[in-house]
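In: dropping a prediction and its sequence here:
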Amino acid sequence: MDIVLFGIQGSGKGTQGKRIAEKYDMSIFETGAELRKLSKEHSPLGLKVKAIINAGYLVPVEVVMEIIENFLKNVKSDELVLFDGIPRSDEQMEQFNSLMARSGRAFKGLLINIPKEMAMDRLLSRQICEGCKEVFPASYDGEVCEKCGGKLVKRADDNEDSILTRLSAFVNETMPVIKKYKTNNQMIDIDGTGSIDNVTELVFAELNKIFA
Ligand code: AMP
């Protein structure tokens, strides 16, 4: 059973995703990270994707689906995958559901739930490592990345305008997707407002029911 991780930007889903993947031996497909890689390419597509990401809009569905299809071609049928950042709209959900069905992969959604105001505060104050891309919340008091010693910087799209656009995209486009999976009994809903360890505990308690 694959897991599809949902959460408003700043919910901590990237951090929890890494912990889940490690504990249950899953490969991670992180849509935003794949698109950021593409945006570094000096090609017309790379430049277009970079502009869209920095403004906080969703990248066209065909670009996203092509990346995910290529990823799935190299995944073995007995390998577990944690999807992070897909599907984010009804259109993506339709295509994602049929791609998963064609690939013979069952999945369950997992939502890390926090209020929009908390998301805004966290995004405005977080920093990332320029080298390994580890994310550090405002409460981190080190001057450099504790993992690789890299410089801490703000993510290019963590400015107020882009954050507002991304949060609206989540509410308007991704929330309907979450509601549909909930209606189909395909979604686990986790309270994401506690500490990182506390949220991990809640997540593992639910996932143990599936993977134990
Ligand atoms: P994230 O790292 O998940 O916050 O994603 C960063 C940016 O990548 C988003 O603001 C979008 O511009 C783009 N992106 C990530 N996932 C998707 C997706 N499923 N569909 C379209 N654009 C996406």
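Out: Noted; the coordinates are in hand.
In: got the contact list for Met65?
Out: Contact partners of Met65, counting by C-beta atoms under 8 Å, 6 or more residues apart in numbering, are 92, 95-96, 99. C-betas here are computed from N, CA, C, even on glycine.
In: burial measure for the residue of the chain found nearest the ligand, as a count.
Out: Closest contact between the chain and the ligand, by C-beta to the nearest ligand atom, is at Gly32 (2.1 Å). Counted with other C-beta atoms under 10 Å, residues neighbouring Gly32 total 17.
In: which of the contacts of Met65 are close to the ligand?
Out: Among these, the ones lying close to the ligand by the criterion of C-beta under 6 Å from any ligand atom are Gln92.
In: which secondary structure elements does the top helix by length along the chain contact?
Out: Ranked by residue count and defined by DSSP state H, the top helix of the chain is helix 196-211. On a contact count with 3 or more C-beta pairs under 8 Å, 6 or more residues apart in numbering; DSSP states H and E, helix 196-211 meets helix 13-24, strand 107-113, strand 187-191.
In: quick one: contacts for the residue with the largest distance to the centre of the chain?
Out: Distance to the chain centre peaks in the chain at Glu143, reaching 25.8 Å (criterion: C-alpha atoms, centre = their mean). Neighbouring residues of Glu143 by C-beta under 8 Å, 6+ apart: Leu152.
In: look up phi and psi at it.
Out: Note on Glu143: backbone dihedrals following degrees, to the nearest 10 are phi -100, psi -20.
In: what pLDDT does it get?
Out: pLDDT, Glu143: 92.
In: try the one 4 residues further on
Out: We note a pLDDT of 95 for Lys147 in this prediction.
In: same deal with Asn159?
Out: pLDDT at Asn159 comes out at 89.
In: okay, now it: neighbour count?
Out: Neighbour number of Asn159 under other C-beta under 10 Å is 15.
In: and for Lys13?
Out: 25.
In: I'm done for today, thanks for sticking with me.
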